[in-house]
Structure formats: C-alpha cells, structure tokens
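A.B. asks: With the sequence up front, the predicted model follows.
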Amino acid sequence: MIQVRPGDRIPADGMIVSGESSIDEAPVIGESAPVRKGPEEKLFAGTINGDGLLSVRVTAAAADNTIARVVRLVEEAQESKAPTERFIDRFSRYYTPGVVVVAFLVAVVPPLLCVGVWSEWVYKGLAILLIGCPCALVISTPAAIAASLSAGARRGLLLKGGVVLEQMGKITLACFDKTGTLTAGKPVVTDVLSFGTSEDEVLRLAAALETGSSHPLATAILAEASKRGIAPPSTSGS
C-alpha cells in the first residue's frame with residue numbers, strides 16, 4: 001500500500017483503495033483532460049495525481065509496470081533493424097574485403113611489373129585503404145536511426161524501430177487523436193458568451209467559482225480573468 005499526495009507522480013501501477021482525485025494521464029496515454037478516478041479504479045505508473053489524497057494498492061512490480069513496458073519497447077525498437085540498415089550490413093560484408101583486395105593489388109602488382117618503386121605504390125595502396133574505409137558507411141545509418149528514436153522518446157514519441165522511420169516517408173494520409181496530440185494540451189478561453197450580462201462580470205463569477213481548483217479548465221478561466229485584470233470575489237457557503 002502507498003499513499004499518493006496531490007501533485008505527486010504515481011510511482012507504480014495500482015488500484016485505488018480509498019480517495020478520489022483527477023488523474024493527469026497525459027504522460028502515458030497522451031490524453032490532455034484529467035480523468036476523475038475513485039476506489040477500485042486502476043492507476044498507471046508515471047501519471048500525476050491531481051487534487052486528492054489517494055491510498056493505492058500496488059498491483060505490478062517496478063520491472064513490470066507501464067513505464068517499464070514503454071522503456072522495453074523503446075529498447076526493442078532500437079535493436080530492430082530497418083531494411084536500409086540490413087542492406088548496408090550485407091553490403092559491407094563484401095565491400096570491406098573488396099577494398100582490402102584492391103588496396104593490396106595496387107600496392108603489390110605494379111612494383112612486381114617493374115612500374116615504379118615499392119614505396120610509391122605502397123603509399124597509394126594505403127591511401128585507397130584509408131579513403132575506402134567502410135566505417136562511415138556502416139555507422140551512418142544505425143547512428144541516424146538511434147538518434148531519431150532517442151529524440152522521439154525524449155519528446156514522448158514511441159517509434160518502434162527504424163522500419164517505422166523509413167515508412168514515414170511514404171505516408172500520404174495521417175489520422176490524429178483529439179486534443180493534446182496536435183495542440184499543447186492546455187485549454188485557453190477564446191470566447192465568453194454573456195447572454196445580456198457583461199463579459200467581465202461572467203468571467204468574474206466563473207473565476208470565483210474556480211478559485212482553488214487545479215483542473216485545466218479552471219486554470220484557463222483564472223488565467224483569462226488575470227489577463228483582463230479581473231479580481232474574483234471571495235466565495236463562501238456550499
């Protein structure tokens with residue numbers, strides 16, 4: 001059993017035993033709007049407790065919770081090879097010996113045929129060996145893919161390997177989830193429908209009702225009131 005205070009990140013997958021709170025699941029599933037949860041409902045490691053004290057029964061070990069599974073997916077994605085990477089691996093098997101053979105022939109054959117001195121052709125053979133070194137060819141694709149996967153992971157994007165990266169170049173149609181995928185996930189007030197009352201008065205009363213709440217919509221209303229220089233009145237009673 002663990003207790004999770006308001007604002008804390010939930011450390012493990014579990015079930016709520018007592019308490020009720022708004023849970024920010026954006027870090028795990030990308031949903032920007034907090035989800036209200038109470039007893040007997042599941043919580044995921046990595047999500048954030050909103051405004052209530054929760055008693056949680058842990059249901060999964062640290063090595064098998066949601067975040068650990070995501071980490072394993074990222075690691076597996078980095079290990080899987082894209083078609084281009086596999087092609088370069090196969091190509092390098094023949095390219096490397098080929099470069100060595102050509103450099104050896106250039107260094108040895110002309111002097112044996114009495115065309116120039118040994119030192120001159122040995123230097124030329126070494127030059128071919130250095131110029132034709134396959135290191136850059138072999139390393140370039142894996143390095144680029146690993147950097148892309150890591151950059152995506154840091155930004156909350158789980159890309160399942162280099163295959164996905166290559167297929168992205170062939171995309172002609174993309175379907176996106178709702179709020180929070182293409183937007184910042186932070187609601188803002190765009191309009192106030194006052195229905196005959198002044199907008200500032202409506203916003204003043206709404207801000208008074210939302211004072212003290214950590215819900216994203218409440219935060220948006222309070223931010224708009226502050227932007228307009230409106231001070232919400234104090235509230236009391238039920």
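C.D. replies: Done, it's in. For clarity, every value in this text was computed on a predicted model and none was experimentally measured.
A.B. asks: where are the low-confidence patches of this protein?
C.D. replies: For the chain, applying pLDDT under 70 flags the ranges 30, 32, 77-80, 177-181, 184-185, 236-238.
A.B. asks: quick one: which helix or strand includes R72?
C.D. replies: With secondary structure defined by DSSP states H and E, R72 is part of helix 66-79.
A.B. asks: so what secondary structure elements neighbour the next helix-or-strand element following that helix?
C.D. replies: Later in the chain than helix 66-79, the nearest helix or strand by DSSP H and E is helix 83-112. Applying 3 or more C-beta pairs under 8 Å, 6 or more residues apart in numbering; DSSP states H and E, one finds that helix 83-112 makes contact with helix 118-131, helix 135-154, helix 162-168. Placement of C-beta: from N, CA and C, glycine included.
A.B. asks: Out of the ones you listed, which one sits most buried?
C.D. replies: Of those, the one with the most neighbours on average (mean count of other C-beta atoms under 10 Å) is helix 162-168, at a mean of 16.
A.B. asks: Angles on the backbone of the most centrally placed residue in the chain, please.
C.D. replies: Computing the C-alpha centroid of the chain and ranking residues by C-alpha atoms, centre = their mean puts G156 first, at 1.8 Å. Dihedral pair for G156: phi 80, psi 20, per degrees, to the nearest 10.
A.B. asks: hang on, isn't it packed against P27?
C.D. replies: Yes - with contact defined as C-beta atoms under 8 Å, G156 counts as touching P27 (7.4 Å).
A.B. asks: Can you work out which residues contact both of those two?
C.D. replies: Counting by C-beta atoms under 8 Å, 6 or more residues apart in numbering, no residue touches both G156 and P27.
A.B. asks: who are the neighbours in contact with A12?
C.D. replies: Listed by C-beta under 8 Å, 6+ apart, the contact partners of A12 are 2, 45, 56, 58-60, 62, 65.
A.B. asks: nope, T190 is what I was after
C.D. replies: Counting by C-beta under 8 Å, 6+ apart, T190 touches no other residue.
A.B. asks: cutoff 10 Å now
C.D. replies: Shown in contact with T190 (C-beta atoms under 10 Å, 6 or more residues apart in numbering): 220, 224.
A.B. asks: how close does it sit to E224?
C.D. replies: Using C-beta to C-beta, to the nearest Å, T190 is found at 9 Å from E224.
A.B. asks: P39 now?
C.D. replies: The gap separating P39 from E224 is 35 Å, by C-beta to C-beta.
A.B. asks: Give me the more crowded residue out of the two.
C.D. replies: Using other C-beta atoms under 10 Å as the criterion, P39 and E224 rank with E224 on top: 17 against 12.
A.B. asks: That concludes my questions; thank you for your assistance.
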